[in-house]
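Asks: sequence plus the predicted model coming up.
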Amino acid sequence: MKLKALAPLGVAAGIAMTMVATAAPAMAYVADYETYTVASSVSLRSCAHTSCTRYALINPQGAAVDLKCWVHGDLVNGRDNIWYRGYWMGSGYPEGYMPGEYLATGYDPNPSVAPC
């Protein structure tokens, strides 16, 4: 019955279905990432060291970030030297590094995220 209801739409239905089909490959890019939240404001940096260029300040707490992999970097707050490579949609940069100390990953390194 739903197909019959779409029949009068003709070309418009075909265009809508084409748009849905072409949108699917974009999701494949995200499949390589694990999504976590920011536990506290965190800097997105060009490398895994506090002296590296800061691309953006990710704020507020609870913002979603997509993590691709992890590396050893600078020790943050004397507790954690795991940094994650990933991105935050609000940054305008494709990827950067974030210290695990400020991410809600459970523990570092999180086993769901591969080493770089």
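Replies: Here it is on my side, so go on.

Asks: contacts only, for C69.
Replies: 84-85, 113-116 (Cβ atoms under 8 Å, 6 or more residues apart in numbering). In short, each C-beta sits where N, CA and C put it, glycine included.

Asks: domain ranges for this protein, per the record?
Replies: Domain ranges of the chain: 1-31, 34-109, per automatic domain parsing.

Asks: give me the buried positions along the strand ranked longest in the chain.
Replies: In the chain, with assignment by DSSP state E, the single longest strand is strand 64-76. Buried residues in strand 64-76, counting neighbours by 16 or more other Cβ atoms under 10 Å, are found at 65-67, 69-70, 73-74, 76.

Asks: right, and K68 touches T35 too?
Replies: No: the criterion here is Cβ atoms under 8 Å, and K68 misses it with T35 at 11.0 Å.

Asks: now do the end-to-end distance for stretch 44-53.
Replies: End-to-end span of stretch 44-53 (Cα to Cα, to the nearest Å): 9 Å.

Asks: okay, and the beta partners of the closest residue to G96 other than its chain neighbours?
Replies: Spatial nearest neighbour of G96, chain neighbours left out: L44 (3.9 Å); criterion: Cβ to Cβ, 6 or more residues apart in numbering. Judged by DSSP bridges, the bridge partners of L44 are A56.

Asks: same question, P99
Replies: W83.

Asks: what count of nearby residues applies to it?
Replies: 24 (other Cβ atoms under 10 Å).

Asks: so what's E95 up against?
Replies: 68, 85-87.

Asks: 6 Å instead, please
Replies: 85, 87 (Cβ atoms under 6 Å, 6 or more residues apart in numbering).
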